[in-house]
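Visitor: Build me a model from this:
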Amino acid sequence: MGKRKILFVSQEITPYIENSEIATLSLKLSQGIQEKKHEIRTFMPNYGSINERRNQLHEVIRLSGMLLNINDHDNPLIVKVATLSSAKIQIYFVESKDLFDTKTGVLNEEGLPHDNNTERAIFFARGVFETVKKLRWVPDIVHCQGWFAGMAVLYLKKMYHDDPLFKDTKVVLSLFEDTPEIPYGKDTEEILKYDNIKSKHITKEGLNFSSFVKLMSENLDGMILGPMEAQKGTEIEEVLKQESVPYTRFEGENDLVDKVVAFYDTI
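Guide: Prediction:
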């Protein structure tokens with residue numbers, strides 16, 4: 001594979017989110033791909049639990065200030081950045097004072113998805129793509145990491161597919177053990193209608209795990225499966241085979257970077 005531009009859209013990244021498999025693997029992958037001389041940009045949400053002073057986040061004024069209309073409400077976009085000197089990478093943070101003000105990440109204090117996760121995930125996805133457009137940085141591959149980043153898959157293929165910046169961009173999704181049985185709320189169908197996004201898998205009952213996987217498979221160029229229970233992994237693989245979506249699996253940190261780099265060559 002020649003030098004490529006990889007946009008990482010990550011649900012969470014260590015050290016900003018601790019004790020998370022996705023966070024650890026997201027950092028390792030961004031760092032490992034950059035060390036292989038590819039050009040990267042890495043984004044995650046700015047959850048209310050992140051200590052901005054300790055982690056030295058600062059606002060990028062020229063990238064902030066846009067209003068993103070989500071569910072018929074205008075939400076100001078704030079973009080911040082921090083440098084992980086130990087990994088020699090920069091992380092961009094997508095922030096909404098209204099949507100990410102809670103002191104938890106993608107799950108609430110009871111360990112369940114937030115009721116407004118659909119709006120939060122859409123804001124994050126659109127915030128990433130609008131920021132990349134301002135940067136005028138054209139990614140070869142958008143690699144979404146974690147179920148919360150799944151909306152970025154959908155929006156790249158449905159809302160931004162006609163944008164010249166993304167016309168040749170491939171999109172990959174990594175899924176892990178943490179994918180909940182009900183990733184998004186029952187309001188998902190109604191909210192997506194504002195952006196003219198429809199699918200037979202998006203119903204008034206919302207998206208359960210099975211319909212989420214089917215929706216993703218309709219829009220993916222490839223999927224990467226991390227360690228997960230056999231039943232869940234088998235269900236995903238069956239859908240991917242039915243939809244002829246290329247995929248690969250890795251079992252841990254040791255084979256992550258090499259497996260992903262090799263997989264990029266197949267899409």
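Visitor: Glu205 touches Lys186, doesn't it?
Guide: Yes: contact status for Glu205 versus Lys186: in contact at 6.4 Å, counting by C-beta atoms under 8 Å. For every residue, glycine as well, the C-beta is placed using N, CA and C.
Visitor: neighbour count winner among the two?
Guide: Lys186 (14 against 11; other C-beta atoms under 10 Å).
Visitor: show me what contacts the nearest residue to Glu21 once chain neighbours are set aside?
Guide: Spatial nearest neighbour of Glu21, chain neighbours left out: Phe176 (6.1 Å); criterion: C-beta to C-beta, 6 or more residues apart in numbering. Neighbouring residues of Phe176 by C-beta atoms under 8 Å, 6 or more residues apart in numbering: Glu21, Ile22, Leu25, Gly146, Trp147, Gly226, Pro227, Met228.
Visitor: Then His114?
Guide: Shown in contact with His114 (C-beta under 8 Å, 6+ apart): Thr102, Thr104, Val106, Leu107, Asn108, Arg120.
Visitor: ok, now with 7 Å
Guide: His114 is in contact with Thr102, Asn108, Arg120, counting by C-beta atoms under 7 Å, 6 or more residues apart in numbering.
Visitor: Check the secondary structure at the last one for me.
Guide: So the one you mean is Arg120. Here Arg120 is recorded as helix under DSSP: H, G, I helix; E, B strand; the rest coil.
Visitor: which stretch of helix or strand covers Asp168?
Guide: Remark: Asp168 resides in no helix or strand, with elements defined by DSSP states H and E.
Visitor: Out of the contacts of Phe176, which two sit at the greatest distance?
Guide: Within the contacts of Phe176, Trp147 and Pro227 form the most distant pair, 14.8 Å apart (C-beta to C-beta).
Visitor: higher neighbour count, those two?
Guide: Counted by other C-beta under 10 Å, Trp147 and Pro227 do not tie: Trp147 has more neighbours, with 26 against 13.
Visitor: got the contacts of Phe176 as a markdown table, with pLDDT, secondary structure and distance to Arg249 columns?
Guide: Converted to a markdown table, these look like this (pLDDT from 0 to 100; DSSP: H, G, I helix; E, B strand; the rest coil; distance: C-beta to C-beta, whole Å):
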| residue | pLDDT | secondary structure | distance to Arg249 |
| --- | --- | --- | --- |
| Glu21 | 87 | helix | 15 |
| Ile22 | 90 | helix | 16 |
| Leu25 | 93 | helix | 13 |
| Gly146 | 94 | coil | 16 |
| Trp147 | 94 | helix | 17 |
| Gly226 | 85 | coil | 8 |
| Pro227 | 81 | coil | 9 |
| Met228 | 79 | coil | 9 |
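Visitor: Now do the residue nearest to Ser199 when sequence neighbours are not counted against Leu173, distance only.
Guide: Leaving aside its sequence neighbours, Ser199 sits nearest to Leu215 (C-beta to C-beta, 6+ apart; 5.6 Å). Leu215 sits 11 Å away from Leu173, going by C-beta to C-beta, to the nearest Å.
Visitor: Looking at the two, which one has more neighbours?
Guide: Neighbour count, other C-beta under 10 Å: between Leu215 and Leu173, Leu173 has more, with 27 against 22.
Visitor: ok, the most centrally placed residue in the chain - contacts?
Guide: The centroid of the chain falls nearest to Ala149 when counting by C-alpha atoms, centre = their mean (2.5 Å). Going by C-beta under 7 Å, 6+ apart, Ala149 touches Val9, Ser10, Gln11.
Visitor: How much space separates it from Val239?
Guide: Distance, Ala149 to Val239, using C-beta to C-beta: 18 Å.
Visitor: Now Ala149. Its backbone dihedrals?
Guide: Note on Ala149: backbone dihedrals following degrees, to the nearest 10 are phi -80, psi 0.
Visitor: what ranges do the helices span in the stretch 51-200 of the chain?
Guide: Counting by DSSP state H, counting those that start in this stretch, the segments of the stretch 51-200 of the chain that form helices are 52-55, 117-135, 150-158, 188-193.
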